[in-house]
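Visitor: Structure, please.
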Amino acid sequence: MCDTCGCNVTSSNEHLVRPGGKHAETADGHAAVEVLQNLLGENDHQAAHNRAHFDARGILAVNLMSSPGAGKTSLLEATIDALGDELNIAVIEGDLETENDAERIRAKGVTAIQIATGSACHLDAHMVHDALHRLDLTGVDILFVENVGNLVCPASFDLGHHRNVTLLSVPEGDDKPAKYPVMFRAADLVLLTKADLLPVLDDFDPARAEHSLRGLATPAPLLTLSARRDAHSLAPWLDWLRTELAAQRERIARGTTARPALQPDGALLHGGQAGHAHEHAGGHRHRHQHEHGHGQGHGHAHAHDHGGHGHTHPQRQASG
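Guide: Residues are numbered from 1 along each chain as shown. You can find the predicted model right below:
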């Protein structure tokens, strides 16, 4: 696991890096908590820059998250097959090593940039920004970011995208929303994938999965599909994408944007509580899944509390 997100900090050892703890300071005297928080704050600033880049080009950026093997790349392949003549799609792939997934997407005639994270268990905004330098976004309608397979950390990092989509595959079991609430609370949409296996894996109960999801107080729709076996099952997913793209274009026309529902409890040192509002480094309080007005030069009007300044900007609920 990586050191930047705090995922090596647990409820059992976090006292060691809290103020007064054995490892609260680095060797050069810097506070360990402050170092991690500053990194997270820098990520958020880079994400805002990435999002302005997408908005200026009319692009909807969608972050796909799941455990390894849940079917993200297969979903992208099927989506490209279905929408390739209708929309221009580009893909950023995230894995620890190899270009396997990017090569599968390129075989469909779609541009794909591979990010090899090494040991990092998620993508961050800086990695995405570096990938954008290698990606021609001219004419792109939707940019998909396929995040590293991981049901925890990706939910806590803003990449500059607009929407989070979380996949839950039938072989994983219907209890995953209850076991991994951070990931599923972050979702704007949940896709139940590999549904063709339901007759075989009859211990998976879709109703029980949805009950667990609703227990997290999330309104995210749950759609059932089989990317490889049932092309017709993709229709609601494709309609969701069309609706989100139309909503993104309306936001751009109004000079606003949308941010994903980050979940800070996936990174203990991100600060704040799980939900739609949390603290970032520097005392910034952001409320996610809301629109933010663009000023001149794409300045974002995020709702913050700036340290002791205590001023906030009004939010408008994101459409769609």
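Visitor: The helix or strand hosting S74 - what's its average pLDDT?
Guide: Here S74, judged by DSSP states H and E, is contained in helix 72-83. Averaging pLDDT along helix 72-83 yields 97.
Visitor: Contacts for it, please.
Guide: Helix 72-83 is contacted from outside by 64, 66, 89, 91, 93, 101, 104-105, 108-110, 144, 146, 149, 167, 191, 193, 225, 227-228, 231, 234, 237-238, 241, using Cβ atoms under 8 Å, 6 or more residues apart in numbering. (C-beta placed from N, C-alpha, C; glycine too.)
Visitor: Who are the contact partners of T166?
Guide: 65-66, 183-184, 186-187, 189-191, 220.
Visitor: Repeat the analysis, applying 7 Å as the threshold.
Guide: For T166, the contact set (Cβ atoms under 7 Å, 6 or more residues apart in numbering) comprises 65-66, 183-184, 187, 190.
Visitor: picking that back up, between the helix or strand that the helix holding S74 is followed by and helix 72-83, what angle do the directions make?
Guide: With elements assigned by DSSP H and E, the helix or strand that comes after helix 72-83 is strand 89-95. On the basis of axes from the mean of the first three to the mean of the last three Cα atoms, to 10 degrees, strand 89-95 is oriented at 170 degrees to helix 72-83.
Visitor: which SS state does the closest residue to K176 other than its chain neighbours fall under?
Guide: Leaving out its chain neighbours, the residue that sits closest to K176 by Cβ to Cβ, 6 or more residues apart in numbering is L168, at 5.6 Å. Secondary structure assignment for L168 (DSSP: H, G, I helix; E, B strand; the rest coil): strand.
Visitor: Pretty sure L168 sits against K194.
Guide: No - assessed by Cβ atoms under 7 Å, L168 is found out of contact with K194, at 9.4 Å.
Visitor: roughly how far is stretch 57-73 from the heart of the chain?
Guide: 8 Å (Cα atoms, centre = their mean, to the nearest Å).
Visitor: Quick one: end-to-end length of that stretch, please.
Guide: Separation of the first and last residues of stretch 57-73 by Cα to Cα, to the nearest Å is 25 Å.
Visitor: What residues sit buried inside it?
Guide: For stretch 57-73, a neighbour-count test (16 or more other Cβ atoms under 10 Å) marks 59-67, 70-73 as buried.
Visitor: swap in stretch 149-169?
Guide: Residues of stretch 149-169 classed as buried by neighbour count (16+ other Cβ under 10 Å): 149-169.
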